[in-house]
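**Q** Here is a sequence with its predicted model. Questions after.
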Amino acid sequence: MLGVCYYPEHWPESQWAIDAQNMRKLGISYVRIGEFAWSRLEPKHGTFTFEWLDRAIDVLHAAGLKIVLGTPTATPPKWLMDEHPEIAPYDADGKVRGFGSRRHYSFSSEIWWKESARIVETIAKRYGTHPGIDGWQTDNEYGCHDTTVSWGPEDLKAFRQWLRMRYQTTDQLNEAWGAVFWSMEFNSFDEVELPARTVTEPNPAQRLDFWRFSSDQVAAYDKMQVDIIRKHSPGRWITHNFMGFVNDFDHFKVTDNLDLASWDSYPIGFVEKFPFTEEERNRWAETSHPDIAPFHHDLYRGVGRGRFWVMEQQPGPVNWAPWNPVPKPGMVRLWSWEALAHGAEVVSYFRWRQAPFAQEQMHAGLNLPGLDEWSVGGLEAHAVAGELAKLGALPDSSTAPVALVYDYASYWAAKIQPQGRDFRYEELVFRWYEAARRLGLDVDFVRPGADLSAYKLVLVPCQMQVDEASLAALRNTDALVLYGPRSGSRDGKFNIPENLPPGPLAPLTGTRQTQVASLRPGLSDAVSGEVSGAAIRWREYLQTTAKVVASFQNGDPALTENGGHHYIACWPDQALLSSTLGLLAKKAGLETIELPEHIRIRRRGNLTFAFNYGSEDWTVPVSGSFLLGGSVVKAQDLAVWA
Amino acid sequence: MLGVCYYPEHWPESQWAIDAQNMRKLGISYVRIGEFAWSRLEPKHGTFTFEWLDRAIDVLHAAGLKIVLGTPTATPPKWLMDEHPEIAPYDADGKVRGFGSRRHYSFSSEIWWKESARIVETIAKRYGTHPGIDGWQTDNEYGCHDTTVSWGPEDLKAFRQWLRMRYQTTDQLNEAWGAVFWSMEFNSFDEVELPARTVTEPNPAQRLDFWRFSSDQVAAYDKMQVDIIRKHSPGRWITHNFMGFVNDFDHFKVTDNLDLASWDSYPIGFVEKFPFTEEERNRWAETSHPDIAPFHHDLYRGVGRGRFWVMEQQPGPVNWAPWNPVPKPGMVRLWSWEALAHGAEVVSYFRWRQAPFAQEQMHAGLNLPGLDEWSVGGLEAHAVAGELAKLGALPDSSTAPVALVYDYASYWAAKIQPQGRDFRYEELVFRWYEAARRLGLDVDFVRPGADLSAYKLVLVPCQMQVDEASLAALRNTDALVLYGPRSGSRDGKFNIPENLPPGPLAPLTGTRQTQVASLRPGLSDAVSGEVSGAAIRWREYLQTTAKVVASFQNGDPALTENGGHHYIACWPDQALLSSTLGLLAKKAGLETIELPEHIRIRRRGNLTFAFNYGSEDWTVPVSGSFLLGGSVVKAQDLAVWA
Amino acid sequence: MLGVCYYPEHWPESQWAIDAQNMRKLGISYVRIGEFAWSRLEPKHGTFTFEWLDRAIDVLHAAGLKIVLGTPTATPPKWLMDEHPEIAPYDADGKVRGFGSRRHYSFSSEIWWKESARIVETIAKRYGTHPGIDGWQTDNEYGCHDTTVSWGPEDLKAFRQWLRMRYQTTDQLNEAWGAVFWSMEFNSFDEVELPARTVTEPNPAQRLDFWRFSSDQVAAYDKMQVDIIRKHSPGRWITHNFMGFVNDFDHFKVTDNLDLASWDSYPIGFVEKFPFTEEERNRWAETSHPDIAPFHHDLYRGVGRGRFWVMEQQPGPVNWAPWNPVPKPGMVRLWSWEALAHGAEVVSYFRWRQAPFAQEQMHAGLNLPGLDEWSVGGLEAHAVAGELAKLGALPDSSTAPVALVYDYASYWAAKIQPQGRDFRYEELVFRWYEAARRLGLDVDFVRPGADLSAYKLVLVPCQMQVDEASLAALRNTDALVLYGPRSGSRDGKFNIPENLPPGPLAPLTGTRQTQVASLRPGLSDAVSGEVSGAAIRWREYLQTTAKVVASFQNGDPALTENGGHHYIACWPDQALLSSTLGLLAKKAGLETIELPEHIRIRRRGNLTFAFNYGSEDWTVPVSGSFLLGGSVVKAQDLAVWA
């Protein structure tokens, strides 16, 4: 199904019915509204002007559109910020991040919670049982613009309270943080400061706790909104629209309170956000890299316990990346189908019509700026709608053969302690995912501790802290498991484990790590054996009782195997990564295919989808019954066969 | 005529007469003094010590030198800053930019206006009718060191007042800014904040208004000084010395109140300031790029309504660029003659003698540090003086065949909304100017809305907002016109025009723009047709009823023509730019010559000047009667012929 | 002798005796303790808990270890910072650098001096005469993490006082700073501000004075601690452990109060800190550049008036560089022997056991994290201990034939006024040192004004200010002298000398400098004559009565000689530097040998040491009696012969 994001408050009321009709004509079923409209709903404290929204909802509903209503908390209005300046977030330098754009609040402001609850309750009460309301979106893109973590007095107060709950006594806090180091011991929780503005690096355990706290605040804040909505809007689903490549809080935990996950897919904008090489950025500038959107689809399918939407789909050039090219013809259609192939329930475009004013005036919509005229993206969305109607209901997504353990806490830990400047969790995981999909494998993202019994192959690119549940899941699976660098290298207090890394994993892997080298760009260490390639960025020194599958130049173990548990003691370059995953897939009995750089495939039920991100044709190497396209998949085109 | 900047307060009084005599001996006619001397004129509040300046002026006047007296407002003394800390400017982070160098004031401080008026009036009264005073300079280099815009409480107060005047009601403000977007609507002008320290980008219309306001403040402040001087110093001219590559305020508007423009020419220092490639920077490090100084000469001749000086001419290495090479032998002479060729009334060197102390001790003068001994630059200036005397009065400058519309507001708009990181207005304009001059064309800079009837060819590299007057001037000229990217792409409220870009220009160009791509370095789109080359950085998607002169690879129009109005839908690379200007010049009946990279020519009346910035000889391709040099122009040399 | 840094407070008391025994077993004689233990010694103001340290000292002493006791002032505890927030330092932006790591104090805080004196006196009284205490270390790594200079209100107050003492009157201050420039004249010392947060660059003489002041504060603070310790701990030596590549204060002056110098040697970490090329960084990533440690050994031997320790020796990978590789096998042993070859009395490893917690958990120790198990570094240190025992007492270091004048004030001056972005004093000196050692020469570092009569060749890479004592020493030596760029270019007030540079050196060199060019990367000026190569970065224009030994392309003098005094008028590239030092060494009668990039030699008494930093064997070109190794020195190995 298709959807669209719409802002009735941006257009004359006379336009609403026309827009609604045109949405239906284009093939839209869902419309998301309301998430930035606070100043129009409550222009002054306590003065509510909901009548326009009543009418907008009625008009959209009357046209047969299902409405997703957003809570407007991402944009507290100026009168509220002036009444309560303590709502504003602070940056790490201690400077206020003020009014004038969006997300200008701290999750730790008490008055902000009250005000949020007040506006959410007002809206939920008014619209909770309106027949046009199909579901809800809380807030908008938590964490976007680095807003998960705030560094102000309210945050400090809440952090101290969080620490009190966690540690009970300062003795326990001091012990957990190793505070004896550099005389950092505290006599009172009120002595604790935020881990910023220090002379040199602050304590890493403190930093991790502050990150955990900040992540918890997001989840708690969202739950507050969810609880209010559930109370007043029975039978409706609730989601949040997550932003791509935001890892500052644990999306699994936030979604525990939600019915489904959704995310905002800007495949081209993200090319500039992810640490690709310049060559990659140039190559994929006008199509996106073929794993960016799928990576997130699979992640949010996992986050959403099988259910996810694309809440905002890029329909043309955007405004916010360093460079904003026009997508190549066909890409809007391709991305839409790709989301569906990966299990999206709805693909909702952002936005119906390009706004000729304000911050996003250079952001394309399905219609040209200010006009009733479909853009290139609008035309492609219309084509998707037609094809969807032709195909009918898509089969359910089934469990993939490969699981990838995605761990937000390891992202935090690697940021806190990279040890080598280019050790980036998100990049490591992305490269593992890319390598698996270049072999034609479907991948499920799972959270640490999730049941792994359904999989043939489990990838753990880097899980620094392995708790009891994670350990049990890994012990109990029959899948082959591949652990990446730093896995098990820290205990829950961010200490090196007493038995050295991989700590609790040692009985499974049969390894012990005695030294670690981070390697500057230009340095590498060749690996050979059953697999081959090189270590880059990171190289561990292992002692092992396991089978040595491949070795470094000096004979040290590089890849080990112990009863199905494989450990790779480095950041593998592409060759090593590819040959390692190939070997394991083969051992796991998984069929692989070496796809070109620009081709990806994905199954959904009995259907197979192929997507061509490149400029050369690709011939489907199997025979099938084609529902869309044919055996030759052209540039920026796709094929679906059964 | 030649001049020099002199600081009697830096030298013993016994030296003054010697210096004055040596100035005359070198060939100097004008001497600028006084512009940083406040602490010597008023060491404590209300305690004036003008006697030394009385004597200095008398000594210089007695030697036959004409004096340009500067107001000392660029350096408020410490006692004043301590009395009124609110004078200090703020940076965008909200930090005070304090005492200890220069330009430490905000244009919006009320007390600063009072104090400025007080010192200017005191000086103007004392020296206004002194026979030695030929003219005045207000302040020094407005905007240098990013001092146009200040971000403090005084600025906010003045900005709110400016908005009240502009919009009358917050409804009109909200509508103009599209404030409904992201719930930014204001109930009172006192709710408005400065567009800084926001979580993500602030509203672009707000930013543009703040830039307009900041520019207006400069003009108003300068007018305040000018009005005082005119009252007390009848018959004297007044100028301000602008700094190169400063675009933060509208120089045309400031100069509306002045008699002539002047600018400070540091050709080598600017090589590091302008976004040249590293290859260009290395090539021109010791001569300057051959268009830097001419670009500014032509700009300030336009700004000054035909009249301009070089108030400060680099006489050797300077101190303030990242690297400060010694100019190649001959360059000081070449730059001096070049300024004259472009119409400068006076070339005034900065400074008479290198100061052995303080911030500019590494800045060359016409004399060696602390000594009565001419530097290399001094010797070259002396040579110019001799040649000037030999040639006699130069003919008047006449109107060039080519007009270039220079628009400060488009610089601001492109800074606010680059959309592609390397879309820089100043660079685009510079490259268009360079391409015209490589074809041997003389160029006049004109402001938007200026009469264009005298020109054969009008270049509009990028004028984002086209007001009524501009539109009328463009409609009424018979010249061929070439519009560059983004022209007409915004209305006065910084919105996309209702008819899409180029908005009001559409009837002239016959085009409509539906999409825009910014292209990262490495991406380009080839153009072919009557002209050829490639689009880099920026590429527009046009629909057109005009003639398509050249097309992009996919057949889209790249250059269109509609009744003499040409629109180029991209940032052209050098090849495309050169062939386009060549085609238009030919169609306009202008004779062109393809000059080597290092050669430029310029006419003044019946004289033609040629300048050689390179290391290879150049042979003048026409015959003429040589007043300076001959038909072979050697490296770092020049020729003048009739 | 070998030592180790130990933190009894990090381990259970039951571990202490085991550790002490294992230290003896490994071959350790000295143990440094206590320097970060304040919060364990005084957990609340006035509550002392020294009993644990009493027992730790007794245990270590009982095992036969000699104890170096550190004062804990590098880590004031939280209760103290909360009592007296004014202790904290400020950064140049005016932001507090707060609690949470180390070195969070300003040297100018009065209360901090009192508190420092109190804790130092308490410790010195308690342990001053303990038979286990062999010596003392004050504080830890002054200046590390940019902590020499602080920019807060306490610093401003102390700076004003320092200026009052230095200048007596503001007239003298104004004259010294050239404050007339830009109206910066002061009527009172209380008007002076710190040279920061100005609109453009502050006055350079003011900046230099602030740096002198900041350096003086370090020396005075250290002397305060030293005086207290001497009073209570008669017969013990006192040192401070300096950090490599810290030049913000004058180490000679601080050490005037100490018995010996010591420094913290992290050869691999420093590869990323020093401005090497990327090629060099890759080449030396896993061994260190072969001059980094020796440079510091020779510097601190000079600073310590012949006596120095390595207080902290890197024993494996560290945690604080952008990348932290594992040293190649053998390097820990090589570095240890190299320190001894250069005259170190003790090589003390940091640290005994890797801490599994807190900021330095990725910093290797002689034992694995948390374990009683020697690391690779531990094993290599043990090997050194055995070899040392075999060789017995090493001969005394003797005076080297070459002196290098090292001038902290010139580092400050070049930072304040680089004039070319890459004019870095520390880099210039390092390259001169490297060139000398590539010729097989031993080098002594001397401070400006030191007696030079014992040397054959004196190198003055850059001494900007030459005072009377320096001039006398240079005049009185029979050595050949080579002066580098900018020598003598400033007087004591940071002015250009009245006779132009090299100012007071002019009678010795017979030169006068009239212009200076800084050359951007890519520009150079070829030099030929008796030596050859090129000028890069910096090129001076000289007039000279001296012999011209080599010239620039245009014939200008590049290297001059006047009665043994040579002046090189540029930043020489490697070829020019090498041929110049080669020529001078030859003229001075010094034997040289052209060593490969990866080989260095060093004499100590009658012994010669050779060190191989590369991966290729090196054959010793002389015959000798080998005490360690043999005539073929393998990769990462060494040889010692008599």
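**A** Good, I have the coordinates.

**Q** For chain A, give the strand that spans the most residues.
**A** The longest strand of chain A (DSSP state E) is strand A:533-544.

**Q** Render the CA-only coordinates of that strand in CSV, please.
**A** This file holds the C-alpha atoms of strand A:533-544, laid out as CSV (Å, rounded to 0.1, in the frame of the first residue of the first chain):
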residue,chain,number,x,y,z
GLY,A,533,42.3,-11.2,2.2
ALA,A,534,43.6,-8.8,4.7
ALA,A,535,43.0,-7.2,8.1
ILE,A,536,42.6,-3.5,8.0
ARG,A,537,41.9,-1.0,10.7
TRP,A,538,41.9,-3.5,13.5
ARG,A,539,43.9,-6.7,14.3
GLU,A,540,43.8,-8.8,17.4
TYR,A,541,46.3,-11.2,18.9
LEU,A,542,44.7,-14.4,19.9
GLN,A,543,45.7,-17.5,21.8
THR,A,544,43.4,-20.3,20.9
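
**Q** how about it against chain C, any contact?
**A** Yes - for strand A:533-544, a contact with chain C is found by C-beta under 8 Å from any C-beta of the partner chain, at A:539, A:541. Any C-beta I mention is one placed from the backbone N, CA and C, and that applies to glycine too.

**Q** how much distance is there from that strand to the middle of the chain?
**A** Here strand A:533-544 is found 28 Å from its chain centre; the criterion is C-alpha atoms, centre = their mean, to the nearest Å.

**Q** Each with direction, which strands does that strand pair with?
**A** Strand A:533-544 pairs in its sheet with strand A:511-518 (antiparallel), strand A:524-529 (antiparallel), strand A:570-572 (antiparallel), by DSSP bridges.

**Q** possible to save those strands as TSV with mean pLDDT?
**A** Formatted as TSV, those follow (pLDDT from 0 to 100):
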stretch	mean pLDDT
strand A:511-518	98
strand A:524-529	98
strand A:570-572	98
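
**Q** now, of those, which is deepest in the fold?
**A** Most buried of these, by mean neighbour count (mean count of other C-beta atoms under 10 Å in any protein chain shown): strand A:570-572, with a mean of 29.

**Q** what's next to it, contact-wise?
**A** Strand A:570-572 is contacted from outside by A:423, A:428, A:484-485, A:525, A:527, A:533-540, A:552, A:558, A:576, A:580, using C-beta atoms under 8 Å, 6 or more residues apart in numbering or on different chains.

**Q** If we go by neighbour counts, what in stretch A:360-380 is buried?
**A** For stretch A:360-380, burial by neighbour count (16 or more other C-beta atoms under 10 Å in any protein chain shown) applies to A:360-371, A:374-378, A:380.

**Q** hmm, that stretch in reach of chain B?
**A** Yes - Stretch A:360-380 reaches chain B (C-beta under 8 Å from any C-beta) through A:360-362, A:364, A:368-371, A:375-376.

**Q** any idea how far the closest residue to A:Leu583 other than its chain neighbours lies from chain B?
**A** Spatial nearest neighbour of A:Leu583, excluding adjacent residues (C-beta to C-beta, 6 or more residues apart in numbering or on different chains): A:Val531 at 5.4 Å. Separation of A:Val531 from chain B (C-beta to the nearest C-beta, to the nearest Å): 33 Å.

**Q** In the stretch 151-300 of chain A, what residue comes closest to chain C?
**A** Using C-beta to the nearest C-beta, the single residue of the stretch 151-300 of chain A nearest to chain C is A:Gly178, 2.9 Å away.

**Q** Let me see the contact set for that residue.
**A** Taking C-beta under 8 Å, 6+ apart as the test, what A:Gly178 contacts is A:203, A:205, A:493, A:495, C:355-358, C:361.

**Q** tell me the centre residue of chain A?
**A** Residue closest to the mean C-alpha point of chain A, counted by C-alpha atoms, centre = their mean, is A:Gly244 at 4.7 Å.

**Q** quick one: the helix ranked longest in chain A near chain B?
**A** The residue-count maximum for a helix in chain A (DSSP state H) belongs to helix A:204-232. No - against chain B, helix A:204-232 shows no contacts by C-beta under 8 Å from any C-beta, the least distance being 15.4 Å.

**Q** Can you name the residues that contact the closest residue to A:Leu260 other than its chain neighbours?
**A** Counting by C-beta to C-beta, 6+ apart, A:Arg307 is the residue found nearest to A:Leu260 once chain neighbours are left out, at 3.7 Å. A:Arg307 sits next to A:259-261, A:301, A:345 when contact means C-beta under 8 Å, 6+ apart.

**Q** Now do the contacts for the nearest residue to A:Phe107 once chain neighbours are set aside.
**A** Excluding its sequence neighbours, the residue lying closest to A:Phe107 (C-beta to C-beta, 6+ apart) is A:Gln217, at 3.9 Å. Contact analysis of A:Gln217 by C-beta under 8 Å, 6+ apart lists A:107-108, A:158.

**Q** Contact partners for the residue in chain A positioned nearest to chain B?
**A** For chain A, the residue closest to chain B is A:Phe357, as judged by C-beta to the nearest C-beta, at 2.9 Å. Contact partners of A:Phe357, counting by C-beta under 8 Å, 6+ apart, are B:177-178, B:181, B:205, B:493-496.

**Q** rewinding a little: let me have the residues of stretch A:360-380 next to chain B in TSV, adding pLDDT and secondary structure as columns.
**A** Shown next, in TSV, are these (pLDDT from 0 to 100; DSSP: H, G, I helix; E, B strand; the rest coil):
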residue	pLDDT	secondary structure
A:Glu360	98	coil
A:Gln361	98	coil
A:Met362	98	coil
A:Ala364	98	coil
A:Leu368	98	coil
A:Pro369	98	coil
A:Gly370	96	coil
A:Leu371	97	coil
A:Ser375	98	coil
A:Val376	98	helix
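
**Q** so which of these comes closest to C:Gly128?
**A** Within the residues of stretch A:360-380 next to chain B, proximity to C:Gly128 (C-beta to C-beta) peaks at A:Glu360, which comes in at 70.3 Å.

**Q** The closest one and A:Asn324 touch, don't they?
**A** No - using C-beta atoms under 8 Å, A:Glu360 makes no contact with A:Asn324, being 11.4 Å away.

**Q** can you pull out the helices in the stretch 451-600 of chain A?
**A** Counting by DSSP state H, counting those that start in this stretch, the segments of the stretch 451-600 of chain A that form helices are A:468-476, A:506-509, A:574-587.
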